[in-house]
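**Q** Have a look at this fold, sequence not included:
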């Protein structure tokens, strides 16, 4: 008989061949992820060897459409991959999530442009959708200027997404009462980075500020925000979701991975730690058992919420109802993950405060990751307003 059986957990098993295949890919690079994790933290950026493995295995393109050189995995598979990587190195998982989200541009860009950015080269594409820059209309395209925060993985990218307010003659272009915005793809050779990523958590993601000054971007290398808020028009699109409805599935599973790793680290600690003057381990304390089980269930509940939202996203018609469900599910999951990490961090006592403790990093990383708009608590107010007043969803930060 095995005297040390595997601990009981609530991890969800999968029988899906695609998901198993991609989780095997994560297992195959786990040694590389583990090897560079500490070094990435110290350097506040990701080692090129890690990025090379993400490219080699296709993980960096798993959510790009097949016709543009990607793998077009299911949303469920993508979430499991991101969570699995986050259990090893959340900063790398963060970059994979950004790559998954931006990979969706393959369905929104003109076909030739999508081929240029994705199929014709295998480098990473990073950036963000906060409109921190200006795109002045000029013949054939735009003259882009601005500075953006959170350029995760930018030092290794071939292209950066720069989201802008469109101007003409220096004045904002309006579509009724709304300013016109567009996302512009800029070669990294035209980007300058500022060393700003001195943060609480996700230190290895290299999410520095990046700047563009008077760079011409052709019209065909841009996508309007009005296009991104609707499902792609292509009949053979990889996913029937708007860019913004897909985003939370790429940019929130990291929290599940961080929380799951924290639970595992605490289980190991609880089996051997005896409180000062105590005669039994934390694992035998009824209070600890109760709180730990609640933390496990919080993570499990968050995972189920996100899974169900992903299932609904593939069968529900697009619109405010789906958007509200996706955003509230991601926000709820984020809160559950924070609760779980906070719980085991507190139960660990002083053992969790040292940099040598995985709980110390989990605490820092979860409180950094969940600041992302994908998991923002403001989604509840946004959805609640629409539910109670009948008005449209209005994004709040």
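**A** Received it, and whenever you're ready, just let me know what you need. As the structure is a prediction and not an experimental result, all values here were calculated from the model. Residues are numbered from 1 along each chain as shown.
**Q** got the contact list for the most centrally placed residue in the chain?
**A** Geometric centre of the chain, nearest residue: residue 251, 2.2 Å, by Cα atoms, centre = their mean. Residues in contact with residue 251, defined by Cβ atoms under 8 Å, 6 or more residues apart in numbering, are 97, 98, 101, 330, 372, 374, 375. C-betas here are computed from N, CA, C, even on glycine.
**Q** Can you list phi and psi of the fifth one for me?
**A** Dihedral angles of residue 372 (phi, psi; degrees, to the nearest 10) stand at phi -70, psi 150.
**Q** For the stretch 1-150 of the chain, which segments count as helices?
**A** Secondary structure of the stretch 1-150 of the chain, counting by DSSP state H, counting those that start in this stretch: helices at 17-43, 48-57, 75-88, 90-102, 111-114.
**Q** got the angle between the second one and helix 75-88?
**A** Read that as helix 48-57. Going by axes from the mean of the first three to the mean of the last three Cα atoms, to 10 degrees, helix 48-57 is angled at 160 degrees with respect to helix 75-88.
**Q** Just to be sure, residue 333 is in a strand?
**A** No: judged by DSSP: H, G, I helix; E, B strand; the rest coil, residue 333 forms no part of a strand; its state is helix.
**Q** Can you spell out which helices and strands pack onto the host helix or strand of residue 388?
**A** Per DSSP states H and E, residue 388 falls inside helix 378-389. Under the contact criterion of 3 or more Cβ pairs under 8 Å, 6 or more residues apart in numbering; DSSP states H and E, helix 378-389 touches helix 320-347.
**Q** Give the buried residues for the helix it packs on.
**A** Buried residues in helix 320-347, counting neighbours by 16 or more other Cβ atoms under 10 Å, are found at 322-345, 347.
**Q** got the angle between that helix and helix 378-389?
**A** 140 degrees.
**Q** got a list of contacts for the helix holding residue 388?
**A** Under Cβ under 8 Å, 6+ apart, the answer for helix 378-389 is 320, 324, 327-328, 330-331, 391-397.
**Q** got any ranges where the stretch 1-150 of the chain has weak pLDDT?
**A** 1-6 (pLDDT under 70).
**Q** Between which two of the contacts of helix 378-389 is the distance greatest?
**A** Maximum pairwise distance in those, criterion Cβ to Cβ, is 21.5 Å, between 330 and 391.
**Q** okay, now residue 205: neighbour count?
**A** Residue 205 has 30 neighbours, counted by other Cβ atoms under 10 Å.
**Q** Return the residues in contact with it.
**A** Contacts of residue 205 (Cβ under 8 Å, 6+ apart): 45, 46, 91, 92, 94, 95, 152, 153, 197.
**Q** Can you tell me how far the second one is from residue 317?
**A** The span separating residue 46 from residue 317 equals 39 Å under the rule Cβ to Cβ, to the nearest Å.
**Q** For the two, indicate the residue with more neighbours.
**A** Between residue 46 and residue 317, counted using other Cβ under 10 Å, the more crowded position is residue 46 (26 against 8).
**Q** Number of residues surrounding the residue lying closest to that one once chain neighbours are set aside?
**A** The shortest distance from residue 46 to any non-neighbouring residue, by Cβ to Cβ, 6 or more residues apart in numbering, is to residue 40 (5.2 Å). Using other Cβ under 10 Å, residue 40 is surrounded by 21 other residues.
**Q** dump the residue contacts of residue 40.
**A** 46, 47, 50, 89, 91, 92, 203, 204.
**Q** Next, the residue nearest to residue 318 when sequence neighbours are not counted: secondary structure please.
**A** Using Cβ to Cβ, 6+ apart and skipping the chain neighbours, the partner closest in space to residue 318 is residue 231 (5.1 Å). Put simply, residue 231 is coil when judged by three-state DSSP.
**Q** can you pull the pLDDT of residue 231?
**A** Looking at residue 231, its pLDDT reads 96.
**Q** pretty sure it contacts residue 319?
**A** No: with contact defined as Cβ atoms under 8 Å, residue 231 does not reach residue 319; the gap is 10.0 Å.
**Q** Compare the two (neighbour count), which wins?
**A** Legend: neighbour count by other Cβ under 10 Å for residue 231 and residue 319, higher for residue 231 (19 against 13).
**Q** Got the phi and psi for that one?
**A** Main-chain torsions, residue 231, degrees, to the nearest 10: phi -60, psi 150.
**Q** Tell me how far it lies from residue 108.
**A** The value you get for residue 231 to residue 108, if Cβ to Cβ is used, is 10 Å.
**Q** ditto for residue 98
**A** On the measure of Cβ to Cβ, residue 98 and residue 108 end up 16 Å apart.
**Q** who's more crowded, the two?
**A** residue 98 (28 against 21).
**Q** thinking the more buried one is in contact with residue 126, fair?
**A** Yes: using Cβ under 8 Å, residue 98 makes contact with residue 126 at a distance of 5.7 Å.
**Q** shared neighbours of those two, anything?
**A** In contact with both residue 98 and residue 126: 152, 153, using Cβ under 8 Å, 6+ apart.
**Q** count of neighbours near the closest residue to residue 81 other than its chain neighbours?
**A** Spatial nearest neighbour of residue 81, chain neighbours left out: residue 22 (5.0 Å); criterion: Cβ to Cβ, 6+ apart. Residues lying near residue 22 (other Cβ under 10 Å) number 23.
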